[in-house]
Each structure stands twice: as C-alpha cells, then as structure tokens.
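Colleague: No letters, just coordinates:
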C-alpha cells in the first residue's frame, strides 16, 4: 500500500508539472536541457541526487569511473548514523546509490572532461559528448595525497588509511604510525592515542610545519614517539594485513624497520577540481569557495562535500552538504521562472 501511495503521489506531482511548467517537477526547460547535472558521487553526490530526484528534478549524475569517492577505500564505517553494527564503505555507497536511483537519479559511471559555465544553460562534456543543464552540483571531492611507495596500494583499507577519525577505533591497543609533519599529522596522532597503545610520528625533516601548540601537544604525550629524518621506503605485510614499514634516512640512505598494524598518511589532500579550469572561484589550494549558501561564484553552480570542505572531511558532513546543495538548486530553479 505505501508503495502504491508513493506512485500516486509522484504521478500527481508530474501532472501538476505538466500544467504549470514548473522546473522542479523534472520537466526540462528546453529540449535536451536538464534541470540539474551532478558531477561526482560519494556521500555528497548521492545525497544531492536523492534530494533532487525526490524533488522531481530528474537529475543526471556523472559519477566518475571510480564512483563512490574515498569511502570506496574504507573497509568499515562505524560513525555514520543508522548502522549500529557498522558497514563497509563500498557497501554504504552501493546502498546510497540504489536509494537515489529508486527515486529517479540517472547515473553514468563516467568522468566529466571539461565544463563551460560562461553562459546558461551550463555545459559539461563527457567522453566528447556535450550535455546541458540549468544548474550543476559539483561533488567531485578531494583525494588524499599518498606516499606511492612499494606495498602501499595492496594495503589501502587493510591497515593503511588517511583518516584517523574514520578508522582509528579499529586499532585498539595496537601500535600505529602517522606520516607527516603538519597540524593534520599532529592532530591525527593525538586523536589515535585514545585507541592505540603507541603512536609513532614519522617525518622526513628535522623541523615541523605544525603550529607550536599542536606540535607540543603531540610531543608531550606519553603514548607518542617522534622520529625525524625518516621516510617510508616500503610497507611490510602478511596475509592479515599491515605488519610494519621500512624507514629510510634521507640524509644517508640508512634503513630500519618499524612494526605497526596501522598507518595513517597525513601529508595533505588535493581537491579534484582541475577539470573546472578556474571557472569557479577557489582558494589557493583549489577548494571551491561558497558565495551564498552552497552556490559558487557562478549562478546556478553549486558545490558540496570534500571539494569544499577543508575542515571536517566526514561522510556525514558531506552527505549533509549534498542535501543543502540539492535544496539550494531546487529553490534557485524555482526563482528563475
């Protein structure tokens, strides 16, 4: 019965839309022009797609060749409400996608190559084909900067992570390392002391970019050891996952082994915004700046998730911002007619 009521409700809204010509019911404003195109996926993209689809905007998503975002590299998610037993990152992304598709989100696992936001309708190109939309929601996220050393690819999600908040609780009473020398590395290391028996900070230089207060907080903690003039040369592992790393002194090439079951890379992130070619305003690092709510410097172009967020970088905050962007886009479209 509830499913039948939902069908009747959707049909009722569509009938209203055909009479009134309102853009939020999924009726294209011109032949071949979509109401909204979502670039990217992940929690922000799929949530934006869910809300836009429920608003009957008939959203079109280009999720990327590796759809699902950074959560596709996370083995277990325990801090997203609604999953009391936790859930795998890939499984969560599949469920989010299925939920949005159920309400009408159209998804293509393809990358957007370039865009043109100089006039409306906005244009995006995918594999050489042009698509047009009155509004665009950018959810391409940010990717962690990895070390790229031997053994790393195989241990991503099996001991090597880029998010202590996400994965730290899996290493209770175990020894872990943090690679980096900035505030993020100090913050990650300090946070990990809640769970790990020992945290070792690995830094390739003798000085730290971290602020004095962040460094002193980490340096004075009884669970934290700091090793300077060390860099990871390769990772060690067995059938159960990560077992340690081979460290190298960049000054003379000498090596040593360190045992650990967890490793957190904290050398920075980079937003995936290169394809925009400067058509929306960003900060010096390339993160998109909001001008009004979730709208960017371009009217009708919105952004959500880690492509904007330099502070929290959590699935739940990305999803919340995706919701905001979809609502902002819907209301903006209404105001145009």
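Modeller: Good, I have the coordinates. Please read these numbers as outputs of a predicted model, since none were measured by experiment.

Colleague: low pLDDT regions in the protein?
Modeller: For the chain, the stretches with pLDDT under 70 are 1-29, 73, 75.

Colleague: Show me which residues of whichever helix in it runs longest are buried.
Modeller: Secondary structure of the chain read by DSSP state H shows that its longest helix is helix 315-335. Neighbour-count burial for helix 315-335, counted by 16 or more other C-beta atoms under 10 Å, picks out 315, 317-330, 332-333. All C-beta atoms are positioned from the backbone trio N, CA, C, and that covers glycine.

Colleague: Does that helix pack against any helices or strands, and if so which?
Modeller: strand 33-39, helix 42-54, strand 129-138, strand 301-303 (3 or more C-beta pairs under 8 Å, 6 or more residues apart in numbering; DSSP states H and E).

Colleague: partners of the helix or strand just after the longest one in the sheet?
Modeller: Next along the chain after helix 42-54, taking DSSP states H and E as the criterion, comes strand 60-62. Strand pairing for strand 60-62, determined by DSSP bridges: strand 33-39 (parallel), strand 106-108 (parallel).

Colleague: can I get these in TSV with distance to residue 156?
Modeller: As requested, the strands paired with strand 60-62 are exported to TSV (distance: least, C-beta to C-beta, whole Å):
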stretch	distance to residue 156
strand 33-39	24
strand 106-108	24
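
Colleague: Tell me which of those is the most buried.
Modeller: Most buried of those, by mean neighbour count (mean count of other C-beta atoms under 10 Å): strand 33-39, with a mean of 26.

Colleague: Strand 129-138 and that one, what's the angle between them?
Modeller: In terms of direction (axes from the mean of the first three to the mean of the last three C-alpha atoms, to 10 degrees), strand 33-39 departs from strand 129-138 by 60 degrees.

Colleague: Give me the contacts around strand 33-39.
Modeller: Strand 33-39 is contacted from outside by 23-24, 26-29, 45, 48-49, 52, 57-62, 112, 115, 121-122, 124, 131-140, 326, 329, 333, using C-beta atoms under 8 Å, 6 or more residues apart in numbering.

Colleague: Could you measure from the nearest residue to residue 103 once chain neighbours are set aside over to residue 185?
Modeller: Spatial nearest neighbour of residue 103, chain neighbours left out: residue 53 (3.9 Å); criterion: C-beta to C-beta, 6 or more residues apart in numbering. For residue 53, the distance to residue 185 equals 40 Å [C-beta to C-beta, to the nearest Å].

Colleague: do the same with residue 200
Modeller: From residue 200 over to residue 185 (counting by C-beta to C-beta), the distance is 11 Å.

Colleague: Counting neighbours, go ahead and name the busier of the two.
Modeller: residue 185 (27 against 23; other C-beta atoms under 10 Å).

Colleague: how about the more buried one, what does it touch?
Modeller: Counting by C-beta under 8 Å, 6+ apart, the residues that residue 185 touches are 178, 179, 201, 203, 210, 266, 267.

Colleague: do you know how far the fifth one is from residue 259?
Modeller: Look at residue 210 and residue 259: by C-beta to C-beta, they are 25 Å apart.

Colleague: And these two? Which one has more around it.
Modeller: residue 210 (23 against 13).

Colleague: Regarding that one, what is its secondary structure?
Modeller: Secondary structure, DSSP: H, G, I helix; E, B strand; the rest coil: residue 210 is coil.

Colleague: for it, phi and psi?
Modeller: Per-residue torsions, residue 210: phi -60, psi 150 (degrees, to the nearest 10).

Colleague: now residue 306
Modeller: Dihedral angles (degrees, to the nearest 10) for residue 306: phi -70, psi -10.

Colleague: got a list of what it touches?
Modeller: 42, 44, 69, 70, 141, 142, 269, 271, 313, 318.

Colleague: Nothing else from me, thank you.
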